[in-house]
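**Q** test case, fold it:
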Amino acid sequence: MKAIWHNTILAESDETIVVEGNHYFPRQAIHTAYFQPSNTHTTCPWKGQAHYYHVVVDGNVNQDAAWFYPETKDAARQIRDYVAFWKGVQVVP
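**A** From the prediction side, this is the model:
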């Protein structure tokens, strides 16, 4: 799977985990040059607290377009530190 925004591959992996229709990419599969930490956090009742990244490509900023769970509840431990996308980021085979 590939995560693409502005014709740029943000992440690529054959080992994504699908949860609630979202592909979660292993941390080592993301191209860190395109990610900036965000102060945004949200809470999922069964996964835990999500942390976010802004995605930045050629000066274009997609705020909070990627998220991950650095710590998870037991039910979501398989996606701990995996990264998922939304806000126009395409995830394609």
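**Q** switch to C-alpha atoms for all contacts and neighbour counts from now on
**A** Will do.
**Q** ranges for the strands of this structure?
**A** 2-5, 8-12, 17-19, 22-24, 35-44, 48-57, 60-68, 83-85, 90-92 (DSSP state E).
**Q** of the ones you listed, give the one that comes closest to Arg77.
**A** When the strands of the chain are compared by CA to CA, strand 48-57 sits nearest Arg77, at 9.8 Å.
**Q** now for the closest one, which elements pack on it?
**A** strand 35-44, strand 60-68 (3 or more CA pairs under 8 Å, 6 or more residues apart in numbering; DSSP states H and E).
**Q** could you single out the most deeply buried of the strands of the chain?
**A** strand 83-85 (a mean of 25; mean count of other CA atoms under 10 Å).
**Q** just the residues contacting that one, thanks.
**A** 3, 22-27, 30, 65-69, 91 (CA atoms under 8 Å, 6 or more residues apart in numbering).
**Q** what's the mean pLDDT across that strand?
**A** If you average the pLDDT over strand 83-85, you get 98.
**Q** check stretch 61-73 too.
**A** 97.
**Q** now stretch 42-50
**A** For stretch 42-50, mean pLDDT is 97.
**Q** ok, now stretch 18-32?
**A** Stretch 18-32 comes out at a mean pLDDT of 97.
**Q** in this structure Thr72 contacts Cys44, no?
**A** No. With contact defined as CA atoms under 8 Å, Thr72 does not reach Cys44; the gap is 9.6 Å.
**Q** so can I have CSV of the contacts of strand 83-85 showing distance to Asn39?
**A** Putting the contacts of strand 83-85 into CSV (distance: CA to CA, whole Å) gives the following:
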residue, distance to Asn39
Ala3, 22
Asn22, 22
His23, 22
Tyr24, 20
Phe25, 21
Pro26, 21
Arg27, 19
Ile30, 19
Ala65, 13
Ala66, 12
Trp67, 11
Phe68, 13
Tyr69, 14
Val91, 24
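**Q** tell me the two of those residues that are most distant?
**A** Spatially, the most separated pair among the contacts of strand 83-85 is Tyr69 and Val91, at 18.9 Å (CA to CA).
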